[in-house]
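[1] generate a structure from the sequence data that follows.
(2 chains)
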Amino acid sequence: MAAWISSPFAAVARTAIKTLCFLFNVLHLPSRSWSSSRDEINSADASDAVAVSITEDPETGILPFGESLLYRLSHHIPQHRHYLFPRDSDDRPRRCDRYNALMKTFARFGKADEALRLLREMKTPNVICYTTAMDALVRAGRCEEAESVFSEMISLGIAPDSVAYSILVKMYCFHHKRFVSARNIIQLMVDRGCERDVVTYSTVIAGLCRAGKIDLASELMEKMRSLGCPPDVVSYNVLIHAFCNKGDFAEVERILRESSHNGWEPDSVSYNTYISGLCNMGMTDEALKQLDVMLEKALHPTEVTLNILLGMLCRDSKITEIIFFLARSFELGLDVGAASYNTAMTRLCEIGEFSAVLKLLSDMLKKGIRPDVQTFNIVIMSLCRAGKLHKAKHIFKSKGFTPDIVTCNILLHEFCLAGEFAEFHQLVAELGSGQVSPDAITYNIIVDGLCWDGKFSKAIEFVRSIDLEFKSDHVAHLAFGLVKGGRVGDLLRLLGEMIEKGLLLDVRLFEFMIQAFCKKGSCESIEIYKICLILDKMLRRE
DNA sequence: CCCAAGCCTT
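    Numbering: from 1, shown residues only, chains lettered A, B, ... in the order given. The predicted structure follows:
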């Protein structure tokens, strides 16, 4: 085991803090060239930020966002970089292209409403934009809306292309499992002169596999040759994925062995799929063996390959190997991002390997990988758990680091866990005037914290003030705290008040109360009897 | 348009 793992925590923490301070100075410089305004965006929120800021210029019809915002968005989603920066260097942005690029991004992130809103903002969307909007809706499972977008397109005289039809096919296969309807659509597109291609059929194959009909999928694969579009590597990868899910690795081996005979060549995705399947079945050694096979075949392992193996190592808590893998990623030619480090660091924090978290952080910095908010949040939590609250606070307060609400939530919770209620109350007070606004989780944490600190009436008042209707989770947290604090009388009064107002007591509330009684070990007390009476009433009402 | 992995808080 490497020497640093056994080295005293304090020393590692000290170096990490020094490195951090250095980092913040460095980070501050490029941020100026990114954007001058206050809309500092943490990369994870880039798509949200764009959603907020887009409205086209009524004069020119051009989107107002500058290159810097697009850069940040595209930087966050590398696959789309070429869409956002068309090669032909037009200086007039092409509206449909640009809209479509964003719509695609939103579709991928499951943000159908944003994609739809962009479609609505356009004066004359083309077939690609309509198709992308349909895709976004289908991905979100909103099939009726997808169909009405399709109808709208037809009613406007825009002819659907094979891609549009393929999305309908996807919808019928994936969501409705209506394969006959899918076949009818394929017939329809042929009748209307659209080419059905390998993608159309691969979609059906993916749908059949999802529905557990692998035999039918294999049959269709065979048929594709006579239909004039033989399966390609993607079709086979779909099938490999299905057999991996089944745990039928003999069949996967057979498909790979016969590949050249069937006129296709496995790619990185084929092996990533296979390796992932083996990892999911806990077959670590076999997974690593397939990595070797991959390398033998001169197929480049990708960041995905690394993430799959990393996920496996994390599940198995293989600390040394995690560090080793990330450390060697550059030598393996892998372009590792912050997300991979975050995955590893999260797991290391979970299992109490706080010095390993800091080791990975300094590893990132040495390699020039820019940590994101999530990285810092994990680091902050690790420092707290390791008893280094003041160091965590130091990062929190550092210039150059933009904390988000999760950072605040972590600190609030950790202050309470450490019994540092003065710090807790101070941060709560600061939240009121700060630039980050509290979310539902914040309120839960505050309710928990007030109860832990024995400030029961304050907690009750707090819940009253944020949630007049007692509709939220906060009441459940309050109930938990009251039971644990022996304030069942207060709780009964509160429940009585809610019932009187005709407010619904939900299951979650009772889950929390029952848990609290169990934790307290007072399940036989007279008080729980009263609670049970209320529960009975509720059950009758429902 | 079809295939692989993944990150922070109660």
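[2] run through chain A and note the low-pLDDT ranges.
    A:1-95, A:522-525, A:538-542 (pLDDT under 70).
[3] break it into its domains for me.
    A:34-146, A:439-542 (automatic domain parsing).
[4] element containing residue A:207, please.
    Using DSSP states H and E, residue A:207 maps to helix A:198-210.
[5] give the other helices and strands that the helix or strand following that helix contacts.
    Using DSSP H and E, the helix or strand that follows helix A:198-210 towards the C-terminus is helix A:214-223. Here helix A:214-223 touches helix A:198-210, helix A:233-246, going by 3 or more Cβ pairs under 8 Å, 6 or more residues apart in numbering; DSSP states H and E. (Glycine included, C-beta is placed from N, CA and C.)
[6] relative to DNA strand B, how far out is the closest residue to residue A:214 other than its chain neighbours?
    In space, residue A:214 comes closest to residue A:242 once its chain neighbours are excluded; the distance is 5.0 Å by Cβ to Cβ, 6 or more residues apart in numbering. Counting by Cβ to the nearest atom of the strand, to the nearest Å, the gap from residue A:242 to DNA strand B is 9 Å.
[7] what does residue A:155 give?
    22 Å.
[8] repeat for residue A:107
    Taken as Cβ to the nearest atom of the strand, the span from residue A:107 to DNA strand B is 6 Å.
[9] can you show me the helices along the stretch 351-500 of chain A?
    Remark: helices assigned in the stretch 351-500 of chain A by DSSP state H, counting those that start in this stretch are A:354-367, A:373-385, A:389-397, A:405-417, A:421-433, A:440-452, A:456-466, A:473-484, A:488-500.
[10] can I get those helices in CSV including distance to DNA strand B?
    Putting the helices of the stretch 351-500 of chain A into CSV (distance: least, Cβ to the nearest atom of the strand, whole Å) gives the following:
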stretch, distance to DNA strand B
helix A:354-367, 11
helix A:373-385, 4
helix A:389-397, 13
helix A:405-417, 3
helix A:421-433, 12
helix A:440-452, 3
helix A:456-466, 13
helix A:473-484, 6
helix A:488-500, 18
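[11] now those in TSV, with mean neighbour count?
    What follows is the helices of the stretch 351-500 of chain A, written out as TSV (neighbours: other Cβ atoms under 10 Å):
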stretch	mean neighbour count
helix A:354-367	21
helix A:373-385	23
helix A:389-397	17
helix A:405-417	20
helix A:421-433	14
helix A:440-452	21
helix A:456-466	17
helix A:473-484	24
helix A:488-500	16
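[12] the residue nearest to residue A:214: neighbour count?
    24 (other Cβ atoms under 10 Å).
[13] verify the stated contact: it with residue A:216.
    No. Applying Cβ atoms under 8 Å, one finds residue A:242 not in contact with residue A:216, separated by 10.9 Å.
[14] for the residue in the stretch 1-150 of chain A that DNA strand B sits nearest to, phi and psi?
    Closest contact between the stretch 1-150 of chain A and DNA strand B, by Cβ to the nearest atom of the strand, is at residue A:135 (4.8 Å). Main-chain dihedrals, residue A:135, degrees, to the nearest 10: phi -60, psi -40.
[15] separation between residue A:460 and residue A:491?
    As defined by Cβ to Cβ, to the nearest Å, residue A:460 lies at a distance of 9 Å from residue A:491.
[16] picking up where we left off before, got the helices of the stretch 351-500 of chain A as TSV, with distance to residue A:223 columns?
    Formatted as TSV, these follow (distance: least, Cβ to Cβ, whole Å):
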stretch	distance to residue A:223
helix A:354-367	49
helix A:373-385	46
helix A:389-397	60
helix A:405-417	51
helix A:421-433	62
helix A:440-452	52
helix A:456-466	60
helix A:473-484	52
helix A:488-500	62
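[17] the stretch 251-400 of chain A against DNA strand B: which residues are in contact?
    Residues of the stretch 251-400 of chain A lying near DNA strand B by Cβ under 7 Å from any atom of the strand: A:268-270, A:272-273, A:276, A:302-304, A:307-308, A:311, A:337-339, A:342-343, A:346, A:372-374, A:377-378, A:381.
[18] hmm, I typed the wrong one, I wanted the stretch 51-200 of chain A.
    Residues of the stretch 51-200 of chain A lying near DNA strand B (Cβ under 7 Å from any atom of the strand): A:104, A:107, A:131-132, A:135, A:162-163, A:166-167, A:170, A:197-200.
[19] hmm, back to that, and the angle for the helix holding residue A:207 with helix A:233-246?
    Relative orientation of helix A:198-210 versus helix A:233-246 (axes from the mean of the first three to the mean of the last three Cα atoms, to 10 degrees): 10 degrees.
[20] tell me the contacts of residue A:472?
    By Cβ atoms under 8 Å, 6 or more residues apart in numbering, the contact list for residue A:472 reads A:440, A:443, A:466.
[21] name the SS class of residue A:231, please.
    Using DSSP: H, G, I helix; E, B strand; the rest coil, the secondary structure recorded for residue A:231 is coil.
[22] dihedrals phi and psi, it?
    phi -60, psi 150.
[23] isn't it up against residue A:224?
    Yes. Using Cβ under 8 Å, residue A:231 is in contact with residue A:224, at 5.1 Å.
[24] OK, contacts around residue A:198?
    Per Cβ under 8 Å, 6+ apart, neighbours of residue A:198: A:224, A:229, A:230, A:231, A:232, A:234, A:235.
[25] make a markdown table out of those and add neighbour count and distance to DNA strand B.
    Below are the contacts of residue A:198 laid out as a markdown table (neighbours: other Cβ atoms under 10 Å; distance: Cβ to the nearest atom of the strand, whole Å):
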| residue | neighbour count | distance to DNA strand B |
| --- | --- | --- |
| A:224 | 19 | 11 |
| A:229 | 17 | 11 |
| A:230 | 15 | 12 |
| A:231 | 23 | 9 |
| A:232 | 17 | 7 |
| A:234 | 17 | 4 |
| A:235 | 24 | 6 |
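[26] using CSV, lay out the residues you listed together with distance to residue A:406.
    Shown next, in CSV, are those (distance: Cβ to Cβ, whole Å):
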residue, distance to residue A:406
A:224, 48
A:229, 47
A:230, 49
A:231, 44
A:232, 42
A:234, 37
A:235, 41
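[27] and which of the residues you listed is nearest residue A:411?
    residue A:234 (45.9 Å; Cβ to Cβ).
[28] the closest one: what's it in contact with?
    So residue A:234 contacts A:198, A:199, A:202, A:269 (Cβ under 8 Å, 6+ apart).
[29] most neighbours among those, which one?
    Going by other Cβ under 10 Å, residue A:202 tops those with 24 neighbours.
[30] and the gap between residue A:426 and residue A:412?
    Counting by Cβ to Cβ - residue A:426 and residue A:412 are separated by 10 Å.
[31] can you work out which residues contact both of these two?
    Jointly contacting residue A:426 and residue A:412 under the rule Cβ under 8 Å, 6+ apart is no residue at all.
[32] ok, the nearest residue to residue A:506 once chain neighbours are set aside - contacts?
    In space, and not counting its chain neighbours, residue A:506 is closest to residue A:476: 7.9 Å by Cβ to Cβ, 6+ apart. By Cβ under 8 Å, 6+ apart, the residues touching residue A:476 are A:506, A:508, A:509, A:511, A:512, A:513.
[33] the same query, at a cut-off of 6 Å, please.
    By Cβ atoms under 6 Å, 6 or more residues apart in numbering, the contact list for residue A:476 reads A:508, A:509, A:512.
[34] likewise residue A:197?
    residue A:229.
[35] got the phi and psi for it?
    Torsion angles, degrees, to the nearest 10, at residue A:197: phi -120, psi -170.
[36] picking up where we left off before, could you pick out which of the contacts of residue A:476 are near DNA strand B?
    Applying Cβ under 7 Å from any atom of the strand, the subset of those adjacent to DNA strand B is empty.
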